[in-house]
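Chemist: From the sequence below, what's the structure:
(chains A and B)
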Amino acid sequence: MPVTVRIPTPLRSYTDGQSTAEAEGDTVGTALDDLAEQYPDLREQLYGEDDQLRSFVNVYVGDEDIRHTGGADTPLDGDEEVSIVPAVAGGTWVRESGGRKRPCLVAAPAP
Amino acid sequence: MRAKNDVLQAIRRHGGEAYPEEGCGFLLGRMDDDGTQQVTRIQRAGNERAEDRERRFTLSPEAYRTAAAAADEHGLDVVGFYHSHPDHPARPSETDLAEAPFPGYAYVIVSVQDGRPADLTAWTLAPDRSQFHQAEVTSLSEAASSSEAASSS
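Modeler: Numbers count the residues shown, from 1 in each chain, chains lettered A, B, ... in the order given. Okay, the predicted model is just below:
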């Protein structure tokens, strides 16, 4: 059954500019698979090389984070709205093995 | 990235107030058809790191949802993020690169030296996530409303 998936602003370039997309699935996992099949370039942004959702990708059904409701197996009955929600992290230092910290800057000039 | 001058001032001010910890938050605005972010407001957020808050920051998905709701109230979207680098240059780190979410967002970094805001830069993530590209920061004409949404922290 179709569910509505809410797409974060920068990913709308992969969904023909749409803020929401329809996906078929009776679980969050199958709905996201269907979404990724419809929009292959979107898949690369959501999934890593290990075929798992990237660490910063969070999925909500309504107001519930699926980490608390069964993950990808969270059932859908077609009335819910599924949202893709990024988390953000960063900082100036990385911690090396042994507990030492070092600054590590990385950037490229503008193309 | 285009931003109102008072948005840039608000980011600098937050970086100074958060010193010696990293301050962070969300950029609210619109995305042009060519992908340029127009930033008209910020939404401060609390740094949710439990430790190393002087050198790391975290914005949770719940914080994102709060910011997205605030943006929606103003007919805007979340178009990027900002954070400060205390006593460190305004350039992205490997940590920033590894933990940045999607390309298309603007990533603003403000350097804070001895508690005083200094350089402010903007970056975009390459589509293949391999590196950041520096983005030009241009001025967006001022609007009458305040640029700083209510703090969520």
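Chemist: Which residue, other than its chain neighbours, is closest to the spatially most central residue of chain A?
Modeler: Closest residue to the average C-alpha location of chain A: A:V57 at 3.4 Å, with C-alpha atoms, centre = their mean. Of all residues beyond its chain neighbours, the one nearest A:V57 is A:L46 (5.6 Å), with distances taken as C-beta to C-beta, 6 or more residues apart in numbering or on different chains. The C-beta positions use only the backbone N, C-alpha and C, and glycine is treated the same way.
Chemist: okay, now A:R43: neighbour count?
Modeler: A:R43 has 16 neighbouring residues, counting by other C-beta atoms under 10 Å in any protein chain shown.
Chemist: How about B:G25?
Modeler: Neighbourhood size, B:G25 [other C-beta under 10 Å]: 32.
Chemist: And whichever residue of chain B sits closest to chain A, how far from B:G80?
Modeler: The nearest approach of chain B to chain A comes at B:G104, 2.4 Å away (C-beta to the nearest C-beta). Distance from B:G104 to B:G80, counting by C-beta to C-beta, to the nearest Å: 9 Å.
Chemist: more neighbours, the two?
Modeler: Shown here are B:G104 and B:G80; by other C-beta under 10 Å, B:G80 has more neighbours (28 against 21).
Chemist: The more buried one belongs to a strand, doesn't it?
Modeler: Yes: assessed by DSSP: H, G, I helix; E, B strand; the rest coil, B:G80 belongs to a strand.
Chemist: what helix or strand does the residue lying closest to it once chain neighbours are set aside sit in?
Modeler: Spatial nearest neighbour of B:G80, chain neighbours left out: B:A106 (3.2 Å); criterion: C-beta to C-beta, 6+ apart. Here B:A106 sits within strand B:106-113, counting by DSSP states H and E.
Chemist: Could I get the phi/psi values of A:A31?
Modeler: Per-residue torsions, A:A31: phi -70, psi -40 (degrees, to the nearest 10).
Chemist: Report the closest residue of chain A relative to chain B.
Modeler: Closest residue of chain A to chain B, C-beta to the nearest C-beta: A:P10 (2.4 Å).
Chemist: Report pLDDT for the nearest residue to that residue once chain neighbours are set aside.
Modeler: Nearest non-adjacent residue to A:P10, counting by C-beta to C-beta, 6+ apart: B:G104, 2.4 Å away. Reported pLDDT at B:G104 in the predicted model: 93.
Chemist: B:G104 and B:G35 touch, don't they?
Modeler: Yes: between B:G104 and B:G35 there is a contact at 6.3 Å, judged by C-beta atoms under 8 Å.
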